[in-house]
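# with the sequence up front, the predicted model follows.
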Amino acid sequence: MPAVLQELRRRRQELELRLHEDVTDNLLSLRAAGELDLSLAALPIDHEQIHVQPIFSEPLLVTVSRSDPLATKPKLALADIRDERFILLHDVHCLAGQIEAFCHDNKFSPKVACRSAQIATVQEMISLGQGLSMLPAMARAADTNKKRVYRELGKKTPTRTVVALWHRQRRQTPASQAFLRALRAAIRTFESAGVVVCSLLEALERLSPPGVGRLLVLEDGRLSGMITKNGLLRLLEIHQILKR
């Protein structure tokens, strides 16, 4: 988000941007009252006066301390986290509700050791070994602390969809239209560069279309290199040999 705002201010210096960060319910109320031009939130959204437009989807990754035994596993299973202590946002945050719903759908209740109002605090508590959490991929991409690692849950990895919201009966302002264009452009840039979280097979699928020659490789949220289709095929071959 800071990069999007910086680029928007560079391109459209005449725009006056005012940001308001809040939980989803409060944003919906402000949006319905006409006090906000545009809001970003995560599904589900159920409000008849609000238009919902999907922007992007991202996985929720199990986040643990690097000193945690789970950090040695390249991919986790539900059995690995079922009995662990969870660190979550307060229940007014939609992310907390999504994590708890995911756990209940998979027949267990998370053992909540701590709740916080900010993702940054959740991350720090994880670093201290107080428990684990499930955080959006964008949190990993922005995380420069080597004390935390992020892992997928295989085919069980949940996702969230971020959407733009505006009032159905009000026209979008020039500022909100410009912001959405800048946001979509930034997302296209990341997607075209291959900044995604995926398995080896999913990576191979992303390299299949004509003109896509390589993907960026992220390790713990940091760029560590690039891989070509031939390199990925060789990696899959080695992986199969090691499994024999």
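Now that the structure is in, tell me what you want to look at. Numbers count the residues shown, from 1 in each chain.

# buried ones in the helix ranked longest in the chain, by neighbour count?
Identified as the longest helix of the chain according to DSSP state H is helix 174-192. The neighbour-count check on helix 174-192 (16 or more other Cβ atoms under 10 Å) flags 175-176, 178-180, 182-183, 186 as buried. C-beta coordinates here come from the backbone N, C-alpha and C atoms, glycine included.

# do the same with stretch 17-36
Residues of stretch 17-36 classed as buried: 23-24, 27-28, 31-32, 36 (neighbour count, 16+ other Cβ under 10 Å).

# nearest to P59 among those residues?
Of all those, P59 sits closest to T24, with 19.7 Å by Cβ to Cβ.

# from L89, how far out is that closest one?
Per Cβ to Cβ, to the nearest Å, T24 is found 12 Å from L89.

# do the same with K146
23 Å.

# more neighbours: which of these two?
L89 (21 against 11; other Cβ atoms under 10 Å).

# isn't that one up against A117?
Yes: with contact defined as Cβ atoms under 8 Å, L89 and A117 form a contacting pair (6.9 Å).

# can you list the buried residues of helix 174-192 in a markdown table and add distance to Q130 and pLDDT?
Output for the buried residues of helix 174-192, formatted as a markdown table (distance: Cβ to Cβ, whole Å; pLDDT from 0 to 100):
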| residue | distance to Q130 | pLDDT |
| --- | --- | --- |
| A175 | 41 | 83 |
| S176 | 39 | 86 |
| A178 | 42 | 86 |
| F179 | 37 | 85 |
| L180 | 38 | 87 |
| A182 | 37 | 82 |
| L183 | 34 | 82 |
| A186 | 33 | 71 |
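
# mind checking which of the buried residues of stretch 17-36 land in helices?
Filtering these for helices - DSSP H - leaves 24, 27-28, 31-32.

# what is the nearest of the residues you listed to T121?
Closest to T121 out of these is T24 (18.9 Å), distances taken as Cβ to Cβ.

# give me the contact list for stretch 89-104.
With Cβ atoms under 8 Å, 6 or more residues apart in numbering as the test, stretch 89-104 has contacts from 23-25, 41-42, 60, 86, 88, 109-110, 115-119, 122, 133-134, 136, 158, 160.

# likewise stretch 119-131?
Outside of stretch 119-131, the residues within contact range by Cβ under 8 Å, 6+ apart are 63-65, 67-68, 84-89, 95, 113-114, 116, 132-133, 135, 139, 143, 145, 147-148.

# if we go to 6 Å?
Under the contact criterion Cβ atoms under 6 Å, 6 or more residues apart in numbering, stretch 119-131 has outside partners 63, 65, 85-87, 113-114, 116, 133, 139, 147-148.

# check pLDDT for the residues you listed and point me to the minimum.
Lowest pLDDT among these: A139, with 87.

# burial measure for the closest residue to that residue other than its chain neighbours, as a count.
Nearest non-adjacent residue to A139, counting by Cβ to Cβ, 6 or more residues apart in numbering: I119, 5.7 Å away. Residues near I119, counting by other Cβ under 10 Å, number 19.

# while we're on I119, how confident is the model there?
pLDDT at I119 comes out at 94.

# which parts of the protein are strands?
With DSSP state E as the criterion, the chain has strands at 39-42, 50-65, 85-89, 111-116, 133-136, 148-151, 159-167, 214-219, 222-228.

# quick one, domains of the chain?
Taking automatic domain parsing as the criterion, the chain consists of the domains 2-55+161-192, 57-160, 200-243.
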